[in-house]
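Chemist: can't give you the sequence, but here's the structure:
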């Protein structure tokens with residue numbers, strides 16, 4: 001569905017939301033190719049809230065110089 005990726009000083013943060021093969025949606029956060037968190041939701045409203053949290057974190061990281 002979507003991926004947000006930010007970089008700074010050789011580091012990478014990636015946020016991904018995708019369909020989970022009939023099992024709902026998977027929300028992942030990775031830092032430097034290491035899995036930080038992985039959550040699976042069946043309720044779309046929870047996915048929407050997770051996306052709002054991702055958007056807020058991306059804004060914060062961009063304010064701190066991540067691109």
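Modeler: Received it, and whenever you're ready, just let me know what you need. Everything numeric here is computed off the predicted structure, so don't read it as measured data.
Chemist: For the rest of this, base every contact and every neighbour count on C-alpha atoms.
Modeler: Fine.
Chemist: So which residues of the protein form helices?
Modeler: Along the chain, counting by DSSP state H, helices occupy 44-63.
Chemist: For the most centrally placed residue in the chain, name its beta-bridge partners.
Modeler: Central residue of the chain (C-alpha atoms, centre = their mean): residue 15, 2.2 Å from the mean position. Beta bridges link residue 15 to residue 4, residue 29 when assigned by DSSP bridges.
Chemist: For it, give me its contacts.
Modeler: Contacts here follow C-alpha atoms under 8 Å, 6 or more residues apart in numbering; on that basis residue 15 touches 3-5, 27-30, 54.
Chemist: could the residues you listed be laid out in CSV, adding neighbour count?
Modeler: Shown next, in CSV, are the contacts of residue 15 (neighbours: other C-alpha atoms under 10 Å):
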residue, neighbour count
3, 12
4, 13
5, 15
27, 21
28, 18
29, 20
30, 16
54, 19
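Chemist: In these, find the pair that's most separated.
Modeler: Spanning the widest gap among the contacts of residue 15 are 5 and 27, at 13.7 Å by C-alpha to C-alpha.
Chemist: In stretch 39-57, which residues are buried?
Modeler: 40-41, 47, 50-51, 54 (16 or more other C-alpha atoms under 10 Å).
Chemist: possible to save the residues you listed as CSV with pLDDT and distance to residue 67?
Modeler: Below are the buried residues of stretch 39-57 laid out as CSV (pLDDT from 0 to 100; distance: C-alpha to C-alpha, whole Å):
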residue, pLDDT, distance to residue 67
40, 97, 27
41, 98, 28
47, 98, 24
50, 98, 21
51, 98, 18
54, 98, 15
